[in-house]
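Chemist: What follows is a predicted structure for the sequence shown.
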Amino acid sequence: MMTHYIFKEGKANLAPVLLLHGTGGDEHQLVTLAELIAPGHPILSIRGRISEGGMNRYFRLKAPGFRQENFDLVSLAIESDWLAEEIKRLSEKHQLDSHHFIAIGYSNGANMTLNMALNGKFSFSKMIAFHPMQIAKIEQADVVKTDFFLTNDPADPIVPRVWFDALVADIKQAGCQPEIFKSSYGHQLTEDEVNAAKNWLNQ
């Protein structure tokens, strides 16, 4: 199966940015956002290869609905391995430094990158995760050398507060202290959180 992706050249001295879209998005969804947050950086945006009900995703659901018990953890493991290999392959193809990626993910894409990092599938230098949640409890997270920026609305109808708090606990267990931005528009991306992410990255 052909991998659908976008590569945009940037300045060679800047870290490459990996983009992972939300459910129903594609490799185009976050490109403009990335150019606002990390102007001048090389961009690699990869589409999830799962399609459910015509919507692109990075791993399967066992049943309709974004509930924790519906996440297919076997699919998550398989797709994490595939994505890690694709990142490495495309990094070599486009001469990107795969050891210093800044990951930017939204919703399903954020969950995918976080699980990859916490389970040792791929190492990111920095991660911006818009509206993520815990997919499965990390029983024994390895120490992760990643800086995390997370956004969340406590009233998000898709991400229950308890699942976001559980994710934060997993990240802290891995030895990291995430920066958290509180949004107030449900599961939607807002200008304020994008600007906050840009300011955090520029610190």
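Modeler: Arrived safely.

Chemist: Helix or strand for Asp170, just tell me which one.
Modeler: helix 161-173 (DSSP states H and E).

Chemist: which helices and strands sit right next to the helix or strand following that helix?
Modeler: Next in sequence after helix 161-173, counting helices and strands by DSSP H and E, comes strand 179-182. On a contact count with 3 or more C-beta pairs under 8 Å, 6 or more residues apart in numbering; DSSP states H and E, strand 179-182 meets strand 147-152, helix 191-202. Where C-beta positions appear, they are placed from N, C-alpha and C, glycine not excepted.

Chemist: How many residues are close by Lys8?
Modeler: 16 (other C-beta atoms under 10 Å).

Chemist: Look up which residues are beta-bridged to it.
Modeler: Ile43 (DSSP bridges).

Chemist: okay, now Phe124: neighbour count?
Modeler: 26.

Chemist: so how far is Leu118 from the residue lying closest to it once chain neighbours are set aside?
Modeler: Distances taken as C-beta to C-beta, 6 or more residues apart in numbering place Ala103 nearest to Phe124, at 4.5 Å, with adjacent residues excluded. To Leu118, Ala103 is 12 Å away according to C-beta to C-beta, to the nearest Å.

Chemist: Doesn't Met116 belong to a helix?
Modeler: Yes: assessed by DSSP: H, G, I helix; E, B strand; the rest coil, Met116 belongs to a helix.

Chemist: contacting residues for it?
Modeler: For Met116, the contact set (C-beta atoms under 8 Å, 6 or more residues apart in numbering) comprises Ser80, Leu83, Ala84, Phe122.
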